[in-house]
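K.L.:
everything below, folded, please.
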Amino acid sequence: MSRIIGVLTGGGDCPGLNAVIRAVVKRATRDFGWTVVGVEDGFLGLMEREARTRPLTPRDVVGLLPKGGTILGTSNRANPFSGPDGKDQSERVARHVESLGLDALVCVGGDGTQTIAHRLYERYGVPVVGVPKTIDNDVAATDYTFGFDSARACATIAVDRLHSTAESHDRVMLLEVMGRDAGFIALHAGLAGGADVILLPEIPYDVAAVADAIRRRKARGRSFSVVVVAEGSRPLGGEKVYQAAGRLGGIAHHLAEALQAHIDLECRVTVLGHLQRGGSPTPFDRLLATRFGAAALDLVAEERFDQMVALSGNAIVAVSLEEAIGRPRRVDPQGELCRTARSLGICLGEAT
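P.N.:
All right, here's what the predicted structure looks like:
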């Protein structure tokens, strides 16, 4: 039976989005003979008076696998239930889905995108299937999201490079990485790159403890240190730092200023920022995104809507969107990776 499948990419961009689009288009046309329609700029393309879509054929996805970003565009402020003017435009989205004749809408995005997809299904019966993505790796019900490995690799390379300049100048180099309220990028990159201090949103840090770790290194003849700071970190009894409304950023500068009162080494700050989102996806992210895209078509074929593909161990499984958005993933302060960091003498900012 011929079907029309819509696909959109919502939220912030990350490496691997195009690999999902490619997999959806190739499998839909090759295995099922279905038509694929791309929705432009995430849900925003369905919130406007005229829907903005484009046909997607196998020719349109040639060469997409290593390409970063998304050919469909995206928006992290397009929420149909509270539009730019504060009005609920979800009914318009549902009407567009019906008028376009979409038999399913594959929604590729993080927790915000999947929450919107779930609400559209609950309120209007929009036949949605979720595909999780985020560099933060904070979507529940999946072991990994694509985009995370590419961001982790970028941050690890930055830690590697900061080591040499820190040692050359006897400096404390602070690297601020993304992750919102989850510290996965900081923890993984810090361990992989051999950082001396790793600060996470899940463990409020004590400035004195961080300073003490740096002083102890200096006493052992290591007159430099590398500190990886997750953007959502905060000091004990303090607040998170925002560079704009709702946008985390700047905690590393605050920490550097606070440290200078405790140590006699110069502190320098590097904010990695959107470098973590850009560029070509790693082989792991290409493979995971491809598997997710292909598996999403199985859910469509079986009409298992309001579900999301996920990685469990090494298997691709399906989970309910309700489960996926119920509770965000966070670093476990007592988990194996944090225990490993402590066992190697890495300071996690905990008060002694």
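K.L.:
correct me, but His188 touches Ala341?
P.N.:
No: taking contacts as C-beta atoms under 8 Å, His188 lies outside contact range of Ala341: 10.4 Å. In this view, the C-beta of every residue, glycine as well, is placed from N, C-alpha and C.
K.L.:
higher neighbour count, the two?
P.N.:
Between His188 and Ala341, counting by other C-beta atoms under 10 Å, His188 is the more crowded of the two (24 against 19).
K.L.:
could I get the buried residue list for the helix or strand harbouring the more buried one?
P.N.:
Per DSSP states H and E, His188 falls inside helix 184-193. Within helix 184-193, the residues that count as buried by 16 or more other C-beta atoms under 10 Å are 184-191, 193.
K.L.:
just the CA trace of that helix, in CSV.
P.N.:
Below are the C-alpha coordinates for helix 184-193, written out as CSV (Å, rounded to 0.1, in the frame of the first residue of the first chain):
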residue,chain,number,x,y,z
PHE,A,184,28.0,13.3,29.9
ILE,A,185,30.2,15.3,27.5
ALA,A,186,32.3,16.7,30.3
LEU,A,187,32.7,13.4,32.0
HIS,A,188,33.5,11.3,28.9
ALA,A,189,35.8,13.9,27.3
GLY,A,190,37.5,14.6,30.6
LEU,A,191,38.2,11.0,31.2
ALA,A,192,39.3,10.3,27.6
GLY,A,193,41.5,13.4,27.5
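K.L.:
skip ahead from that helix and say which helix or strand is next.
P.N.:
Using DSSP H and E, the first helix or strand after helix 184-193 is strand 197-199.
K.L.:
tell me which residues of the helix or strand that that following strand is followed by are tucked away?
P.N.:
Once the chain leaves strand 197-199, the next helix or strand it forms, by DSSP H and E, is helix 207-219. Within helix 207-219, the residues that count as buried by 16+ other C-beta under 10 Å are 207, 209-211, 213-214, 217-218.
K.L.:
with stretch 141-148 instead?
P.N.:
For stretch 141-148, by 16+ other C-beta under 10 Å, it's 141-142, 144-148.
K.L.:
which strand or helix spans Val172?
P.N.:
Assigned by DSSP H and E, Val172 belongs to strand 171-177.
K.L.:
so for that strand, what's the average pLDDT?
P.N.:
Mean pLDDT, strand 171-177: 95.
K.L.:
between helix 207-219 and that strand, find me the angle.
P.N.:
Strand 171-177 and helix 207-219 meet at an angle of 130 degrees, taking axes from the mean of the first three to the mean of the last three C-alpha atoms, to 10 degrees as the criterion.
K.L.:
sorry, back to before: list the helices and strands the helix holding His188 packs on?
P.N.:
Secondary-structure packing of helix 184-193 (3 or more C-beta pairs under 8 Å, 6 or more residues apart in numbering; DSSP states H and E): helix 148-169, strand 171-177, strand 197-199, strand 225-230, helix 336-343.
K.L.:
where's that helix relative to the chain centroid, distance-wise?
P.N.:
15 Å (C-alpha atoms, centre = their mean, to the nearest Å).
K.L.:
one more: stretch 102-114?
P.N.:
Distance of stretch 102-114 from the chain centroid (C-alpha atoms, centre = their mean) equals 15 Å.
K.L.:
likewise for stretch 11-27?
P.N.:
With C-alpha atoms, centre = their mean, you get 14 Å for stretch 11-27.
K.L.:
same check, this time on stretch 97-116
P.N.:
With C-alpha atoms, centre = their mean, you get 19 Å for stretch 97-116.
K.L.:
just give me the neighbour total for the residue lying closest to Ile214 once chain neighbours are set aside.
P.N.:
Distances taken as C-beta to C-beta, 6 or more residues apart in numbering place Ser225 nearest to Ile214, at 4.8 Å, with adjacent residues excluded. Around Ser225 there are 28 other residues, counting by other C-beta under 10 Å.
K.L.:
strands of this protein, start to end?
P.N.:
According to DSSP state E, the chain carries its strands in the segments 4-9, 35-39, 53-56, 104-109, 128-132, 171-177, 197-199, 225-230, 242-244, 247-248, 266-271, 307-312, 315-320.
K.L.:
ok, the closest residue in space to Pro328 that isn't next to it in sequence - how many residues close by?
P.N.:
The shortest distance from Pro328 to any non-neighbouring residue, by C-beta to C-beta, 6+ apart, is to Asp138 (4.8 Å). Here the number of neighbours of Asp138 (other C-beta under 10 Å) works out to 21.
K.L.:
next: Phe284.
P.N.:
16.
K.L.:
tell me the confidence at the nearest residue to it once chain neighbours are set aside?
P.N.:
In space, and not counting its chain neighbours, Phe284 is closest to Asp149: 4.3 Å by C-beta to C-beta, 6+ apart. pLDDT recorded at Asp149 is 97.
K.L.:
do the same with Met1
P.N.:
69.
K.L.:
coming back round to it: so of the buried residues of stretch 141-148, which ones are in helices?
P.N.:
Among the buried residues of stretch 141-148, the ones falling in helices (DSSP state H) are Phe148.
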